[in-house]
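Novice: sharing a model that was predicted from the sequence below.
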Amino acid sequence: MKKILVAGGAGFIGSHTLLALQAAGYAPVTYDNFSNGHRDSVLVGDVVEGDVRDRARLTATMKEHNIDAVVHFAALIEAGESVKDPQAFYNVNTGGSLALLQAMQDAGVARIVFSSTAAVYGQPADNAPLKESLLKLPINPYGHSKWMVECMLRDTAHAHGLQAIALRYFNAAGADPEGRLGERHDPETHLIPLVLQAASGARDNIKMFGTDYDTPDGTCIRDYIHVHDLAAAHVKALDKLFEMPDSAGSSKSGFYDAFNLGTGSGFSVREVVQAAKNVTGIDFNVIEEERRPGDPAYLVADATRAKSTFDWTPAYPNLEDMIEHAWQFANK
Ligand SMILES: NC(=O)c1ccc[n+]([C@@H]2O[C@H](COP(=O)([O-])OP(=O)(O)OC[C@H]3O[C@@H](n4cnc5c(N)ncnc54)[C@H](O)[C@@H]3O)[C@@H](O)[C@H]2O)c1
């Protein structure tokens with residue numbers, strides 16, 4: 001059984017991926033400092049408490065657990081926070097990834113799947129689905145911190161035979177369809193859980209920032225991807241890396257590629273709010289506010305490369321399913 005170090009496995013997407021890895025016959029080992037994740041979200045596999053910036057601890061963990069590959073989620077994720085405290089983001093996201101790559105080299109582990117983001121593209125010039133080949137022009141330190149990691153993966157693949165796949169997620173949403181796990185960010189900044197907090201009465205209202213964008217109903221459009229489908233894509237990406245001959249310690253050039261993960265369909269903020277009212281049957285208070293700086297009107301993935309390369313099709317592309325699963329979890 002192949003053993004997979006899952007850095008950030010106690011977080012939202014990581015914890016769901018642990019279940020998918022185990023169901024696919026991999027043995028996950030979570031490595032997390034629990035700064036934002038939850039110990040009780042790790043439902044399967046061994047757990048090691050540690051910081052992703054700790055090269056020595058990572059190396060020892062990989063050797064001790066005979067790790068075959070790494071899936072790397074561990075990061076600070078709040079783009080707005082990254083503007084206020086950029087060094088924290090470069091420290092954890094970029095510095096942590098460098099320490100992890102160095103530890104992989106120390107331990108002779110050559111395969112990695114990395115959590116990248118649509119934020120690497122920045123502010124798209126028009127309302128068209130984004131292809132991977134677009135110029136990377138992040139508009140905040142979070143996006144830069146992730147794009148720098150992709151550059152490290154590319155260059156390390158070339159120099160040291162690393163085999164790396166970066167997955168650029170759009171908006172992760174939903175919860176485990178079987179109700180075992182869900183989104184527990186604190187503070188919560190993602191639209192669907194916030195809308196559901198308004199539905200449950202945990203907050204008084206939901207604010208819509210900007211109603212005059214160049215979109216059909218004036219609100220921003222995003223590509224929501226179910227966390228179950230994100231988890232499945234990580235398994236497919238790992239399978240792909242294991243199809244390649246192991247290049248650890250060899251002088252041969254390795255592999256690096258990046259893939260968008262989204263459904264390819266966009267939903268506006270108004271549509272999300274309406275879908276949440278339909279799913280919950282609750283009519284909550286919505287307040288229209290001015291635009292926030294740095295919010296692009298339209299961010300939708302062209303995910304055709306991921307679909308064809310990994311033979312991956314989202315099982316839950318419907319917004320109502322994502323909201324339904326998140327609502328079930330919120331009510332548990
Ligand atoms: N949630 C989204 O919509 C989204 C979109 C695009 C990309 N991503 C990326 O996906 C990954 C996972 O996102 P998430 O929503 O599950 O976030 P999350 O905050 O729930 O999970 C991140 C995990 O990393 C851990 N972590 C943070 N700093 C660490 C450190 N220094 N050492 C060890 N562990 C550390 C946290 O404790 C947490 O368990 C992140 O890399 C994020 O940038 C998320």
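Specialist: Looks like it came in fine.
Novice: how about the residues of the stretch 101-250 of the chain by the ligand?
Specialist: Taking Cβ under 6 Å from any ligand atom as the test, the list of the stretch 101-250 of the chain residues beside the ligand reads 115, 117, 169, 171-172, 185. Bear in mind the C-beta positions are built from the backbone N, C-alpha and C, glycine included.
Novice: would you map the strands across the stretch 151-300 of the chain?
Specialist: In chain order, the stretch 151-300 of the chain shows strands spanning 163-169, 171-173, 205-209, 221-222, 224-226, 255-261, 267-268, 285-289, 298-299, with DSSP state E, counting those that start in this stretch as the criterion.
Novice: how far off centre is the last one?
Specialist: For strand 298-299, the distance from its own C-alpha centre to the chain's C-alpha centre is 17 Å (Cα atoms, centre = their mean, to the nearest Å).
Novice: one more: the fifth one?
Specialist: Here strand 224-226 is found 10 Å from its chain centre; the criterion is Cα atoms, centre = their mean.
Novice: if we can go back for a sec, redo the strands of the stretch 151-300 of the chain as CSV? Include mean neighbour count and mean pLDDT.
Specialist: Shown next, in CSV, are these (neighbours: other Cβ atoms under 10 Å; pLDDT from 0 to 100):
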stretch, mean neighbour count, mean pLDDT
strand 163-169, 24, 98
strand 171-173, 24, 97
strand 205-209, 16, 95
strand 221-222, 23, 96
strand 224-226, 27, 98
strand 255-261, 23, 97
strand 267-268, 22, 97
strand 285-289, 12, 95
strand 298-299, 20, 94
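Novice: distance of residue 126 from the ligand?
Specialist: Counting by Cβ to the nearest ligand atom, to the nearest Å, the gap from residue 126 to the ligand is 22 Å.
Novice: again, but for residue 81
Specialist: Applying Cβ to the nearest ligand atom, the value for residue 81 to the ligand is 11 Å.
Novice: same check on residue 155?
Specialist: Distance, residue 155 to the ligand, by Cβ to the nearest ligand atom: 20 Å.
Novice: measure how buried that residue is and give me the count.
Specialist: 13 (other Cβ atoms under 10 Å).
Novice: for residue 144, see how far away it is.
Specialist: 16 Å (Cβ to Cβ, to the nearest Å).
Novice: now swap in residue 287 and tell me
Specialist: 32 Å.
Novice: can you check residue 178 too?
Specialist: Taking Cβ to Cβ, one finds residue 178 at 37 Å from residue 144.
Novice: can you put the strands of the stretch 151-300 of the chain in CSV and add distance to residue 131?
Specialist: As requested, the strands of the stretch 151-300 of the chain are exported to CSV (distance: least, Cβ to Cβ, whole Å):
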stretch, distance to residue 131
strand 163-169, 11
strand 171-173, 18
strand 205-209, 27
strand 221-222, 17
strand 224-226, 16
strand 255-261, 8
strand 267-268, 20
strand 285-289, 32
strand 298-299, 13
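Novice: residue contacts, residue 172?
Specialist: For residue 172, the residues meeting the contact criterion (Cβ atoms under 8 Å, 6 or more residues apart in numbering) are 12-13, 183, 190, 224-225, 227, 230.
Novice: show the buried residues in the residues you listed.
Specialist: 12-13, 183, 190, 224-225, 227, 230 (16 or more other Cβ atoms under 10 Å).
Novice: tell me where the model's unsure across the stretch 151-300 of the chain.
Specialist: With pLDDT under 70 as the threshold, the stretch 151-300 of the chain has low-confidence stretches at 248-252.
Novice: and the longest helix seen in the chain, how far from the chain's centre?
Specialist: Ranked by number of residues, the top helix in the chain under DSSP state H is helix 141-160. The chain centroid and the centroid of helix 141-160 are separated by 16 Å, computed with Cα atoms, centre = their mean.
Novice: okay, the angle between that helix and strand 163-169?
Specialist: What separates the directions of helix 141-160 and strand 163-169 is an angle of 160 degrees, with axes from the mean of the first three to the mean of the last three Cα atoms, to 10 degrees.
Novice: next, the buried residues of helix 141-160.
Specialist: Taking 16+ other Cβ under 10 Å as the neighbour-count basis, helix 141-160 is seen to contain the buried residues 141-150, 152-154, 156-157, 160.
Novice: swap in stretch 16-36?
Specialist: Neighbour-count burial for stretch 16-36 flags 16-22, 24, 26-33, 36 (criterion: 16+ other Cβ under 10 Å).
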